[in-house]
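Trainee: Predicted structure and sequence below. I'll ask about it afterward.
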Amino acid sequence: MTARLWTAAALAVLFGCAALGHEVRPAYLQIEAAAGEAGDAESLYRVLWKRPLVGNRLLPIAPVFPEQCSAEAATVDTVLDGALVQRLELRCPEGLRGETVAIAGLEATITDVMLHATLADGTQLATLLKPDSPSATLGAGGTAVFGYLALGIEHLLFGFDHILFVLCLMYFTSPVQRTEGRLLVRPAALVKTVTAFTVAHSITLSFAVLGLASAPQAPVEAVIALSILFLAVEKLRGVERSITAQHTWLVAFAFGLLHGFGFAGALADIGLPSGNVPAALFLFNVGVELGQLGVVAVAIAVALLASLRRARPPRRIVLLPLYLSGCLAAYWFVARATTVVFT
C-alpha cells in the first residue's frame, strides 16, 4: 500500500472514531411518582429527560408517553455537561403501571437511553432502551439494574480512548512471542499490567460515584487522551530502560486512576437508581471489565494469527496501530484542551 493510501486510511480512522465517539453517548430518562402531591400520587410524576449534544445539535430523539398522560414543563431547559436537560410534570389519571414508554427516533441512531422509573408503590425499573428495542412496559417486575452491565460493556467497547490505551499497554507486555521458531504465549506481564489498570480505575470510579473524590470531567478527558499519546510515543522511541518499559504495570496503575474518573463521568451522565447504587455501580464496573477482556482477547488472537506466518510482517505494519493511536490521541487532546480553555 502506498504512503498516500496509508495516510487516507489513517485519516478515515481518525475522523470516523472521533465522530462516532460523540453519538454513542447515552441519553437518560427518569420518571418518579410525586408522592404526597396533588391528591392521587399515582397520577403525578416528575420526569427528567437528558439528551446528549452531538457537536452543536441535539440527537433527534424524544420520549413518547401513553395517550392518557399530559406533560408540561416544570423548569426552564438547561444545558449541562454536553446535554440538554428538561424537567417535566407528567399527569396520568390511570397511572403508569402496565403502560408503555417509548423513545421516538431512537431506531435511527446508534445511541441508547437508560430508563429509570419509580412508581408510587416503590416498584422500580432500570433498563436500557436500544435502537432495536426503543420501548419498555412499566411496573412489569421488580427492580432491575442489569442494564448497567450492558452499559459498562458498551462504554468500554465504544470508548475508543480506553481501548487505545489498553492496546498501547499491550505493546509493552508482548504476550505473544516467537523464540527459536517456536510460538510462545506468555501472558504474565499482560495480566499484571491489566490487573493494575483494572484495580486503579475501579478505585477512582467507586470513590467518585460515592462522593468520596471528584475531578472536573473536561480536563480529565483531555489528560486521558494525553496518556494514550504518551504510551504511543514511549513505545515508538524504543527506549528499553525507561520506567514505562520496565514497570508497565506501575504506569498502567497511575493512568488507571485517571481513567476511573473518566468512567465515573460517563456513569454520572447516565445516572444511578437511587435505591440501588451499589448494585448498579458493581454491574457497570463488571461490564467495563468484560469489555476490556474482550478487547485483550481479540488483540491476542490477531497477534497469534500474525505470528503463525513464517515471514514476519513489515515493521511499519506492526507499528501502524501505534502511529494511528498517537495521531488520534493528539487530535483528541487538542480538541478537548480547546474545550477546557474556551469554556
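Mentor: Noted; the coordinates are in hand.
Trainee: which residues in the protein form helices?
Mentor: Counting by DSSP state H, the chain has helices at residues 3-23, 147-158, 160-173, 188-209, 217-237, 243-246, 248-270, 277-307, 315-342.
Trainee: So which of those is nearest Gln124?
Mentor: In terms of Cβ to Cβ, the element of the helices of the chain nearest to Gln124 is helix 277-307, at 11.0 Å. Where C-beta positions appear, they are placed from N, C-alpha and C, glycine not excepted.
Trainee: Quick one: list the elements packing against that closest one.
Mentor: For helix 277-307, the packing partners by 3 or more Cβ pairs under 8 Å, 6 or more residues apart in numbering; DSSP states H and E come out as helix 147-158, helix 160-173, strand 176-179, strand 182-185, helix 188-209, helix 248-270.
Trainee: Output the ones you listed as JSON lines; include the columns mean pLDDT, mean neighbour count and distance to Ala136.
Mentor: Shown next, in JSON lines, are the helices and strands packed on helix 277-307 (pLDDT from 0 to 100; neighbours: other Cβ atoms under 10 Å; distance: least, Cβ to Cβ, whole Å):
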{"stretch": "helix 147-158", "mean pLDDT": "79", "mean neighbour count": "22", "distance to Ala136": "10"}
{"stretch": "helix 160-173", "mean pLDDT": "89", "mean neighbour count": "22", "distance to Ala136": "28"}
{"stretch": "strand 176-179", "mean pLDDT": "62", "mean neighbour count": "14", "distance to Ala136": "44"}
{"stretch": "strand 182-185", "mean pLDDT": "59", "mean neighbour count": "10", "distance to Ala136": "44"}
{"stretch": "helix 188-209", "mean pLDDT": "89", "mean neighbour count": "19", "distance to Ala136": "24"}
{"stretch": "helix 248-270", "mean pLDDT": "86", "mean neighbour count": "22", "distance to Ala136": "16"}
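Trainee: Between the ones you listed, which one is closest to Val340.
Mentor: So among these, helix 248-270 is nearest, using Cβ to Cβ, at 13.6 Å.
Trainee: how far out from the middle of the chain is that closest one?
Mentor: 11 Å (Cα atoms, centre = their mean, to the nearest Å).
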